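A.B. asks: Attaching a predicted model along with its sequence, questions to come.
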Amino acid sequence: MHHRFPRIVGALGLAIALLTGQLVSSALGATPTVTLGSGQFGNENVPPPYASGATPSAVSSGNVSGFYIWAQNDDTSTISQFYLASKSAGDAVGATWFRVDESDPAHPVVETGVMDCPVSHGSLACSFGQLKPMERIYVTAAFITTASGSNCFPGSPEVGVGPTGTSYMCVDFQWTTTGTPPDKNGRSHGDAFDWYDAVDVGTSNNFGSQFPFCDPVTTDCTTTSGGYLTVLTTGNLSSSNAQTTRVEAPPQAQNSDFSTSALQAADGEYYPDPSCTSQTCMDAESKFFGEWSWVVVNDGTNFQEPGDTGVPIHVVLQLYRPHVHPNQVDGIYHQWNDASGSGEENIYACPSSEPPANGDVPCFVASRFGGQNLQIDVWMWHNGPIRGW
């Protein structure tokens, strides 16, 4: 027994060592192959090269920016758990996601409905469960836009894109297999895959922009506002800031498509003034007052539906002492180029001072406010520049 005991201990030790090795190998395994990209289902960017998922590409500080990103398991094994967190100067507002089977790229299969992600301490806290081979997770994420102090994109070989402007917000999207993102020294618990992206931060008072995020899990986004449907140019009205523009988009504009301009309002020659080449425009031009205001809602979506059942775009113009009385506003000249084609129109006064019935759109209501200042409420179906005459 004295001579056999070490052999038994040795055999047990070898067995334990082998078993332990197998467990460690099984637990750690090889790093799965995960491909990251940007874009939405049916309009995705498949790298290389990498492209930003920011929508729109420039957002006013304090407004909501949107990002369309995705991750796909290109390994032969199932990832048992998959998560997404985020790190940015601005807090996360929320995110929605769904799963697609990309086994046959020519015929992808949507496997789930739209689900949403919680937010924890200003970061996304998405949990997707298992991710099988060739499954892809599409995410639409929204953040309060706050300028970053530095560029989070470390460059190649990391994936994603860096900022293009001088003022920007950088976002580090942290896909992981543990739900715990890497620490400040880059050490991760398990496998981590970072997608870096950025949105330019608009700093001009003559420009307002944002992504109209809406969570369809909690809100009927076709009829109810998720809270981000208004953009405006800013600053107090004065001789040096003679006009402001506020655009209120209809609920159907929510969750603008990837890479569109989403919602924008601009004036003060932020964009070049359009040219008057038609007789309709030239006839109005001799009476123009104020500035051109630009209205952008999802790159030219037409919100007029059959039977005038849609919800129009509402634009509010405020002008500093234009020396024009409300009853002297003859019309609003408007031109557009959108999915319905290009066109122009003169918009005339509404039948009453109340918001119009759909059958009366387009129309406007002019009124005084703050002494000699002028406000013009305009309801219209199309995007495009407008100006009073």
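C.D. replies: Looks like it came in fine.

A.B. asks: Just the pLDDT for the residue nearest to the spatial centre of the chain.
C.D. replies: For the chain, Gly66 is the residue whose C-alpha lies nearest the centre (C-alpha atoms, centre = their mean; 2.3 Å). On the pLDDT scale, Gly66 is placed at 98.

A.B. asks: Skipping adjacent residues, who's closest to it in space?
C.D. replies: Spatial nearest neighbour of Gly66, chain neighbours left out: Phe211 (3.1 Å); criterion: C-beta to C-beta, 6 or more residues apart in numbering. (Each C-beta comes from the backbone N, C-alpha and C, glycine too.)

A.B. asks: So the one you found is in contact with Ser65, correct?
C.D. replies: Yes - using C-beta atoms under 8 Å, Phe211 is in contact with Ser65, at 5.6 Å.

A.B. asks: so what sits against both of those two?
C.D. replies: Counting by C-beta atoms under 8 Å, 6 or more residues apart in numbering, the common neighbours of Phe211 and Ser65 are Thr55, Pro56, Val59, Ala142.

A.B. asks: What about the residues you listed, which are in strands?
C.D. replies: If you go by DSSP state E, the shared contacts of Phe211 and Ser65 have Thr55, Val59, Ala142 in strands.

A.B. asks: Most neighbours among those residues, which one is it?
C.D. replies: Within those, Val59 tops the neighbour count with 31 neighbours, counted by other C-beta atoms under 10 Å.

A.B. asks: in the sheet, who's paired with Ala142?
C.D. replies: Using DSSP bridges, the bridge partners assigned to Ala142 are Gly66, Gly94.

A.B. asks: show me the contacts for it.
C.D. replies: So Ala142 contacts Val64, Ser65, Gly66, Phe67, Ala92, Val93, Gly94, Ala95, Phe211, Phe213, Tyr228 (C-beta under 8 Å, 6+ apart).

A.B. asks: What's the separation between Gly307 and Glu354?
C.D. replies: The gap separating Gly307 from Glu354 is 21 Å, by C-beta to C-beta, to the nearest Å.

A.B. asks: Ignore what I typed, I meant Lys287.
C.D. replies: 26 Å.

A.B. asks: Between those two, which is the more surrounded one?
C.D. replies: Set side by side, Lys287 and Glu354 show more neighbours around Lys287, with 15 against 8, by other C-beta under 10 Å.

A.B. asks: Tell me the pLDDT of His2.
C.D. replies: pLDDT at His2 comes out at 41.
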